[in-house]
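Q: based on what follows, work out the 3D shape:
(2 chains)
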Amino acid sequence: MQRDAQPQQTTIPFWRDERALKVLGQIIFVIIVLIIGALIFHNMRVGLAKQGITLSYSFFKNVSGFDIAETAFPYDRNSTYWQAFLIGLVNTVTVGSVGIVFSTILGVILGVARLSTNFIINRLAAFYLELIRNLSLLVFLIFWYLGVFLKLPRVQNAVIWPGDIILTNRGVGIPWGIPTASFPTFRLILLFGLILALIVFFALRAYSQRTGRAPLTLLWSILTLIVVGALGWLLLPEKPLIFDLPFVKGLNLSGGKILTPEFMALTSGLVLYTAAFIGEVVRAGIQSVSKGQSEAARALGLNGFQTLRLIVFPQALRVIIPPLTSQYLNLVKNSSLAIAVGYPDVFYVSNTIQNQTGRAVEMISLVMLTYLSISLLTSVLMNWYNQRIKLVER
Amino acid sequence: MRKTYTIFTLLVLVALALAACGTAAPAPSGGDTVTVVETVVVEVTSSAPVVVAPTGYGVTLKAVQERGKLVCGVNSQVPGFGYVDANGNFAGIDVDYCRALAAAIFGDASKVEFRPVTAAERFTALQSGEIDILSRNTTWSLVRDTELGGNFVHTTFYDGQGMMVPKDSGFTTLKDLDGGTICVQTGTTTELNLADVMAAEGVSYTPAVFEDADSTFAAYAEGRCDAVTTDKSGLVSRRSVLPDPAAHVIMDVTMSKEPLGPMVRHGDDQWFDIAQWTVFTLFSGEEFGLTSANVDDMRASATAPEVRRLLGLEGDLGLKLGLTNDWAYNIIKLVGNYEEIYNRNLGPDTPTYIPRGYNSLYTDGGLLYAPPFR
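A: Below you'll find the model as predicted:
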């Protein structure tokens, strides 16, 4: 009897075939979403058309007419809106990258300190993490701006720290290198050093794989780069960079590199805030590696540092990377709070453009697209790295 | 991965459209942060009704009458123009203009909801129909009259851009500010004038640009900038709330023409007329000597034909605007004429005293001039 039943099962009508229904459901869902999207978009177009407004990005080539404080490339009131937008974009990327680098360093230190057996270090780190993580970022940024950087002494009473760092409420001046005629040559030497460092890196890795020894691969390659760079610096007839010291000139700071209070408040706020979250991510990552792993490593004769570097950290990294990516994305997106402290990031500049031109839809969509692109790029890079370090299962 | 991107794209699409369609959602443009801050200030927290921006002849008045109140976009940070006073009430000449408009429509000056909008979000708020009229010390300019989808009603305050510096700096001309930093608010004509004037004078400067008046002047007070610039009226008004007003002087330079006045949306000429003739009523009230105190007597005894027409005793001027015939009487009775409004907010007895200057009647050598009521 069962033998007769089997051929009938292959002719189930599609409306009762679960696989077909699933696909159908998906298609219907997509169609509904598209229809809703189209309706909303249409509504917007009609609404704007009634007021005689059409969507267009052509205003971008017009003269902007406003000045921006912090410009990565020459810009004045005769530049176009598009250039103004690019200035904002560069500023956002600057804050994002500086923020990511410093918050990672500080975050790792905090995470390790949190697990320290030293009571004071441990408690201090815990106190910092709990305090910062429970503050509102906006409040924190405004604190850094109004409460710290604008409260620095006025230019006339500037505080000068060792290392020629000038602190005023007009900005923080730090020494900065100015490239000279020999700078291009120096850059070539650095490139050569980088190639050499890569060679050292791969050679040491091959050596380690062949012999089973574990040399400090990264350290040696970085040392190579530094030595080549230093040799180039000393041997070139003219110094490739002259150090320009900041000084007070009239109403403002001059020379060196002047970091404005807005930039300082935004980056320090973002770094200190994000570092607290990264600290927790790092702590969780390290704790996720079972104790047996380090015990086994010690039993095999690895010392404490080797255990951390070769056994614990590579395994912790797998747990750390995905949440770390989220923190990086948060940092970049949170940088749009620059508007609260007057730093001309992409959101701020776009807001100004939008207001001067009345192109709200165009500018908001562009800003959203910009943040989306930056975030997707960050997450693609991090996913690629995650893919590389993840456990290879055989 | 591909699926993820598809979903992303869809989400972006939906979000964009939502942000843009003309609902009463908070203006999609302005900094979220500021919106939050200002929401706290508002006392009227009625649930945001779903308003589709009304366009076409007569729709705005109809919508306002059906709603039972006027929604007026105002400033909440400039004493004398638009400000929340110590009792939590809105005050200022721009605010009083909204009250006059409400008096004209409803015969009740209190039927108005004040919605504070920032400089950056004001035009979007007007375009989207979130507010019926924008009365927020806004400068009349060509771009705003065209591309920003609005029409300026009439100038209610003739202003010019000025520059304020600390007294001990000794600066008297713009040239003195060479190499300095100047605080300015974003999304204003001020920001553009500053760039224009400084370029013309050949003075190099660094702008420090802020989102609202409060943060601009807070930064100036902290010494972040050597000078702060905005309309002269704004400087006078903000100086009154600085920690030490006497320590700051307004330079004797005028950098631009700043005709300030209310603005309405494109597309509803009736609404434009009502808004404009409300301004003229305020001017004419002063010209004819009608005040909130004597308007009842005048209505009983007036003989001059134009006064009688204005007060609705002769003809049907109010009906032509789609209002009742006692609309102008209500404005004068409930809010006062231009002089009363001016003295209440910017007069000699206020901390924000500004001499009337151009803002006097044409008969006194000023620029205020109303067309005939006939």
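Q: okay, now residue A:147: neighbour count?
A: 11 (other Cβ atoms under 10 Å in any protein chain shown). In this view, the C-beta of every residue, glycine as well, is placed from N, C-alpha and C.
Q: which residues in chain A form helices?
A: Secondary structure of chain A, counting by DSSP state H: helices at A:2-9, A:18-50, A:81-114, A:119-133, A:137-142, A:183-211, A:217-235, A:261-288, A:291-299, A:304-306, A:313-334, A:338-341, A:346-357, A:360-389.
Q: for residue B:351, find the nearest of those helices.
A: helix A:137-142 (27.3 Å; Cβ to Cβ).
Q: okay, now the domains of chain A?
A: A:2-50, A:81-175+A:245-389 (automatic domain parsing).
Q: buried deepest among these, which one?
A: Ranked by mean neighbour count, those are led by domain A:81-175+A:245-389 with a mean of 18 (mean count of other Cβ atoms under 10 Å in any protein chain shown).
Q: hang on, the earlier thing: in JSON lines: the helices of chain A, plus distance to chain B and mean pLDDT.
A: Rendered in JSON lines, the data for these read as follows (distance: least, Cβ to the nearest Cβ, whole Å; pLDDT from 0 to 100):
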{"stretch": "helix A:2-9", "distance to chain B": "31", "mean pLDDT": "53"}
{"stretch": "helix A:18-50", "distance to chain B": "3", "mean pLDDT": "88"}
{"stretch": "helix A:81-114", "distance to chain B": "11", "mean pLDDT": "93"}
{"stretch": "helix A:119-133", "distance to chain B": "19", "mean pLDDT": "93"}
{"stretch": "helix A:137-142", "distance to chain B": "6", "mean pLDDT": "94"}
{"stretch": "helix A:183-211", "distance to chain B": "27", "mean pLDDT": "88"}
{"stretch": "helix A:217-235", "distance to chain B": "30", "mean pLDDT": "86"}
{"stretch": "helix A:261-288", "distance to chain B": "7", "mean pLDDT": "94"}
{"stretch": "helix A:291-299", "distance to chain B": "32", "mean pLDDT": "91"}
{"stretch": "helix A:304-306", "distance to chain B": "37", "mean pLDDT": "81"}
{"stretch": "helix A:313-334", "distance to chain B": "12", "mean pLDDT": "91"}
{"stretch": "helix A:338-341", "distance to chain B": "4", "mean pLDDT": "90"}
{"stretch": "helix A:346-357", "distance to chain B": "3", "mean pLDDT": "88"}
{"stretch": "helix A:360-389", "distance to chain B": "4", "mean pLDDT": "90"}
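Q: ok, which of the domains of chain A comes nearest residue B:152?
A: The nearest among the domains of chain A, by Cβ to Cβ, is domain A:81-175+A:245-389 at 14.1 Å.
Q: how far does the closest one stretch from start to finish?
A: 43 Å (Cα to Cα, to the nearest Å).
Q: repeat that for stretch A:245-260.
A: Span of stretch A:245-260 from end to end, Cα to Cα: 16 Å.
Q: same deal with stretch B:240-255?
A: Terminal residues of stretch B:240-255 lie 22 Å apart, using Cα to Cα.
Q: go on, stretch B:133-145?
A: 14 Å.
Q: state the mean pLDDT of that stretch.
A: Stretch B:133-145 shows a mean pLDDT of 91.
Q: does any bit of it sit next to chain A?
A: Yes. Stretch B:133-145 is in contact with chain A by Cβ under 8 Å from any Cβ of the partner chain, via B:143, B:144.
Q: residue nearest the centroid of chain B?
A: The centroid of chain B falls nearest to residue B:136 when counting by Cα atoms, centre = their mean (1.8 Å).
Q: that one sits in which helix or strand?
A: strand B:133-139 (DSSP states H and E).
Q: tell me what that strand is packed against?
A: Here strand B:133-139 touches strand B:70-74, strand B:82-84, helix B:93-106, helix B:122-127, strand B:157-166, strand B:257-265, going by 3 or more Cβ pairs under 8 Å, 6 or more residues apart in numbering or on different chains; DSSP states H and E.
Q: as JSON lines, those with mean neighbour count would be great.
A: As requested, the helices and strands packed on strand B:133-139 are exported to JSON lines (neighbours: other Cβ atoms under 10 Å in any protein chain shown):
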{"stretch": "strand B:70-74", "mean neighbour count": "26"}
{"stretch": "strand B:82-84", "mean neighbour count": "24"}
{"stretch": "helix B:93-106", "mean neighbour count": "26"}
{"stretch": "helix B:122-127", "mean neighbour count": "26"}
{"stretch": "strand B:157-166", "mean neighbour count": "22"}
{"stretch": "strand B:257-265", "mean neighbour count": "23"}
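Q: so which of the ones you listed gets nearest chain A?
A: Each of the helices and strands packed on strand B:133-139 has some distance to chain A by Cβ to the nearest Cβ; the shortest is helix B:122-127, at 4.8 Å.
Q: if I pick the residue in the stretch 201-350 of chain B that chain A sits nearest to, what's in contact with it?
A: As assessed by Cβ to the nearest Cβ, chain A sits closest to residue B:222 within the stretch 201-350 of chain B, at 4.1 Å. Applying Cβ atoms under 8 Å, 6 or more residues apart in numbering or on different chains, we find residue B:222 in contact with A:146, A:150, A:151, A:169.
Q: contacts only, for the third one.
A: Spelled out, that is residue A:151. With Cβ under 8 Å, 6+ apart, residue A:151 has these contacts: A:169, B:222.
Q: contacts for stretch A:111-120?
A: Contacts of stretch A:111-120 (Cβ under 8 Å, 6+ apart): A:121-122, A:124-126, A:129, A:278-283, A:285-287.
Q: the stretch 1-150 of chain B: strands as residue ranges?
A: Along the stretch 1-150 of chain B, counting by DSSP state E, counting those that start in this stretch, strands occupy B:70-74, B:77-78, B:82-84, B:90-91, B:112-116, B:133-139, B:150-152.
Q: what packs against the second one?
A: Taking 3+ Cβ pairs under 8 Å, 6+ apart as contact, the helices and strands that strand B:77-78 lies on are helix B:213-221, helix B:232-239.
Q: now the longest one - C-alpha only, PDB.
A: The C-alpha atoms that make up helix B:213-221 are tabulated as PDB, following Å, rounded to 0.1, in the frame of the first residue of the first chain:
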ATOM      1  CA  ALA B 213      21.900  81.800  19.500                       C
ATOM      2  CA  ASP B 214      22.400  80.500  23.000                       C
ATOM      3  CA  SER B 215      25.500  78.500  22.100                       C
ATOM      4  CA  THR B 216      26.900  81.300  19.900                       C
ATOM      5  CA  PHE B 217      26.700  83.800  22.700                       C
ATOM      6  CA  ALA B 218      27.800  81.300  25.300                       C
ATOM      7  CA  ALA B 219      31.000  80.700  23.300                       C
ATOM      8  CA  TYR B 220      31.500  84.500  22.900                       C
ATOM      9  CA  ALA B 221      31.000  85.000  26.600                       C
END
